[in-house]
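Q: What follows is a predicted protein model with its sequence.
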Amino acid sequence: MRGYFGVGVERISKSMNAGAIFRTAHAFGASFVYTVQAKYKQHKGALADTSNALEHLPFYGFPSVDEMLLPDGCRLVGVELTDDAIDLPSFRHPSQCAYVLGPERGSLSPEMVEKCEFVLKIPTSFCINVSVAAAVVLYDRSLSMGRFAERPVRAGGPVKPLDEHQHGGPVLRRLEKFRQDPPLGKGFDPEGFSA
């Protein structure tokens, strides 16, 4: 799968939920995990994080939404059950993004929603546990961006195995800049240069 993603929580109060989210993020191949204005105690979160995600992934604890920093080009995706949010089955995941989930018994802050480029929702009748919501979103990302054999028409597994990946030739864009002679510095002797 190309790209990268991170997973974070805003204002979470139960360290076990954060630990479960970090474990799930680790299992799905996250590049980093983070908290924003959270009461996260790593020793308590480790009880749910049996994969020791924080020993394998960078962890960032941001004191506030304003102090939150993401890599250049990383798109922030909020997960929130609101009327105007995008339904998860209709959402195309950005290749470079960070997902953020809200606290237990609460929602993402208006400041965080304002910072999000996208807000998506899981089409359920009511809110589900925040760690379950993270797992559903990451499973959907894996399903939609991964490479899997096609589902059969009838119940059961695939009837045809996944075709082997074919590597194509290199794709060069804007080839013109590579078709020029390289600049030669002072004292460069093209006769003495061997390719």
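A: Received, thanks.

Q: Let me see the contact set for residue 33.
A: 6-8, 21-22, 25-26, 53-54, 57-60 (CB atoms under 8 Å, 6 or more residues apart in numbering). For the C-beta atoms, the positions are set from N, CA and C on the backbone; glycine is no exception.

Q: Equivalent analysis for residue 154, please.
A: Counting by CB under 8 Å, 6+ apart, residue 154 has no contacts.

Q: ok, it to residue 89 distance?
A: Applying CB to CB, to the nearest Å, the value for residue 154 to residue 89 is 22 Å.

Q: about what we covered before: among the contacts of residue 33, which are in strands?
A: 6-8, 59-60 (DSSP state E).

Q: PyMOL command for the buried members of these?
A: Applying 16 or more other CB atoms under 10 Å to the ones in strands among the contacts of residue 33, the buried members can be selected in PyMOL as follows:
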select buried, resi 6+7+8+59
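
Q: In CSV, list the ones in strands among the contacts of residue 33 along with pLDDT.
A: Output for the ones in strands among the contacts of residue 33, formatted as CSV (pLDDT from 0 to 100):
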residue, pLDDT
6, 97
7, 98
8, 96
59, 94
60, 95
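
Q: and which of the ones in strands among the contacts of residue 33 is nearest residue 96?
A: For the ones in strands among the contacts of residue 33, the residue nearest residue 96 by CB to CB is residue 6; the value is 9.5 Å.

Q: hang on, that closest one packs against residue 29?
A: No - contact criterion CB atoms under 8 Å: residue 6 and residue 29 do not qualify, at 11.0 Å.

Q: Residue 112 contacts residue 65, correct?
A: Yes - the criterion here is CB under 8 Å, and residue 112 meets it with residue 65 at 5.3 Å.

Q: neighbour count winner among the two?
A: residue 112 (22 against 19; other CB atoms under 10 Å).

Q: show me the contacts for the more buried one.
A: Residue 112 touches 10, 36, 65, 78, 100, 102, counting by CB under 8 Å, 6+ apart.

Q: Using the three-state scheme, assign it.
A: helix (DSSP: H, G, I helix; E, B strand; the rest coil).

Q: Could I get the buried residue list for the one helix or strand in the chain whose mean pLDDT sits lowest?
A: Within the chain, judged by mean pLDDT, DSSP states H and E, the helix or strand with the poorest mean is helix 42-45; its value is a mean of 78. Within helix 42-45, the residues that count as buried by 16+ other CB under 10 Å are residue 45.
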